[in-house]
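> Have a look at this fold, sequence not included:
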């Protein structure tokens with residue numbers, strides 16, 4: 001068989017500036033929306049004619065922030081606590097023989113303006129700037145399987161952390177809420193999922209974490225004496241960006 005060379009047809013704009021902050025599936029963070037921008041020569045209104053008639057899309061993308069050539073035949077999914085191994089093809093792990101991902105997203109609007117084409121999406125699970133290799137419409141009668149069996153991920157994951165905001169963090173949010181509506185809700189929903197590696201979850205820690213969302217660095221830590229309560233310490237503007 002011949003090798004296949006792929007070129008991106010689009011990139012995505014999202015509030016997630018690093019893979020640490022990205023939800024592990026779409027639709028887990030309601031304010032974490034994205035915009036796909038088609039790249040030349042694919043940024044033609046003709047290329048998306050009729051797309052607005054579909055409510056959902058499939059995005060085929062590249063895990064471009066993952067080191068290449070480091071895949072293994074088994075992985076430890078976070079949903080299994082990071083302790084149990086399954087085959088890489090029985091998971092959605094990022095370390096794969098070919099670094100390709102598949103994501104189902106809501107299509108809110110198609111916008112063609114000034115020789116540019118944008119697809120406004122609902123909640124996404126992609127890092128800002130992720131290359132998109134293909135876009136396909138979601139076909140309900142063929143793609144939906146209400147009785148499907150989903151192995152270890154049959155249900156939506158429960159929230160793992162409770163989130164509290166310090167006075168300093170609350171003050172920062174109030175100053176930013178005009179530019180970034182629902183910022184507090186967005187930060188809460190991202191961190192409630194517990195983005196830490198599975199082996200760190202459920203354990204007390206004194207570490208202060210930083211997470212990049214939009215143009216901000218959100219600092220947080222596990223509250224003293226707990227294993228599942230997070231305190232947002234501060235929200236700072238990133239020095240870069």
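Arrived safely, thanks for sending. For clarity, every value in this text was computed on a predicted model and none was experimentally measured.

> show me where this structure has helices.
Taking DSSP state H as the test, the helices found in the chain are 140-143, 167-176, 183-192.

> rounded to a whole number, what's the mean pLDDT of the last one?
Okay, so that is helix 183-192. Average pLDDT, helix 183-192: 95.

> what helices or strands is that helix leaning on?
Packing partners of helix 183-192 (3 or more Cβ pairs under 8 Å, 6 or more residues apart in numbering; DSSP states H and E): strand 162-165, helix 167-176, strand 209-213, strand 216-222, strand 229-237. All C-beta atoms are positioned from the backbone trio N, CA, C, and that covers glycine.

> List of residues touching the third one?
Looking back up the chat, that one is strand 209-213. Here strand 209-213 makes contact (Cβ atoms under 8 Å, 6 or more residues apart in numbering) with 15-18, 20-21, 186-187, 190-191, 195-196, 217-221, 238.

> picking that back up, turn the helices and strands packed on helix 183-192 into TSV, columns for mean neighbour count and mean pLDDT.
Shown next, in TSV, are these (neighbours: other Cβ atoms under 10 Å; pLDDT from 0 to 100):
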stretch	mean neighbour count	mean pLDDT
strand 162-165	16	95
helix 167-176	14	93
strand 209-213	19	93
strand 216-222	20	94
strand 229-237	18	92
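
> got these as TSV, with distance to residue 200 columns?
Shown next, in TSV, are those (distance: least, Cβ to Cβ, whole Å):
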stretch	distance to residue 200
strand 162-165	17
helix 167-176	22
strand 209-213	10
strand 216-222	9
strand 229-237	13
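
> Nearest to residue 68, out of the helices of the chain?
helix 183-192 (27.2 Å; Cβ to Cβ).

> Can you flag the buried ones in the contacts of strand 209-213?
15-17, 21, 186-187, 190-191, 195-196, 217-220 (16 or more other Cβ atoms under 10 Å).

> What is the distance between the strand of greatest length in the chain and the centre of its chain?
Taking DSSP state E as the criterion, the chain has its longest strand at strand 100-113. Relative to its chain's centre, strand 100-113 lies at 13 Å (Cα atoms, centre = their mean, to the nearest Å).

> strands paired with it, and their directions?
strand 56-62 (antiparallel), strand 116-123 (antiparallel) (DSSP bridges).

> among the ones you listed, which is nearest residue 102?
Nearest of the strands paired with strand 100-113 to residue 102, taken as Cβ to Cβ: strand 56-62 at 5.9 Å.

> what does the closest one rub up against?
6, 8, 12, 36, 51, 99-107, 119, 121, 126, 130-138, 143.

> ok now do the residue nearest the centre of the chain, which residues does it touch?
Nearest residue to the geometric centre of the chain (Cα atoms, centre = their mean): residue 125, 2.0 Å. Contacts here follow Cβ under 8 Å, 6+ apart; on that basis residue 125 touches 22, 23, 24, 25, 26, 28, 32, 103.

> Of these, just say which sits nearest to residue 84.
residue 24 (16.2 Å).

> Let me know how buried residue 34 is, in neighbour terms.
Here the number of neighbours of residue 34 (other Cβ atoms under 10 Å) works out to 23.

> so how far is residue 56 from it?
Noted for residue 34: a distance of 14 Å to residue 56, by Cβ to Cβ, to the nearest Å.

> Identify the contacts common to those two.
Each of residue 105 lies in contact with both residue 34 and residue 56 under the rule Cβ under 8 Å, 6+ apart.

> Just the pLDDT for residue 56.
98.

> quick one, what contacts the spatially closest residue to it that is not a sequence neighbour?
Leaving aside its sequence neighbours, residue 56 sits nearest to residue 138 (Cβ to Cβ, 6 or more residues apart in numbering; 3.6 Å). By Cβ under 8 Å, 6+ apart, residue 138 lies in contact with 54, 55, 56, 57, 58, 104.
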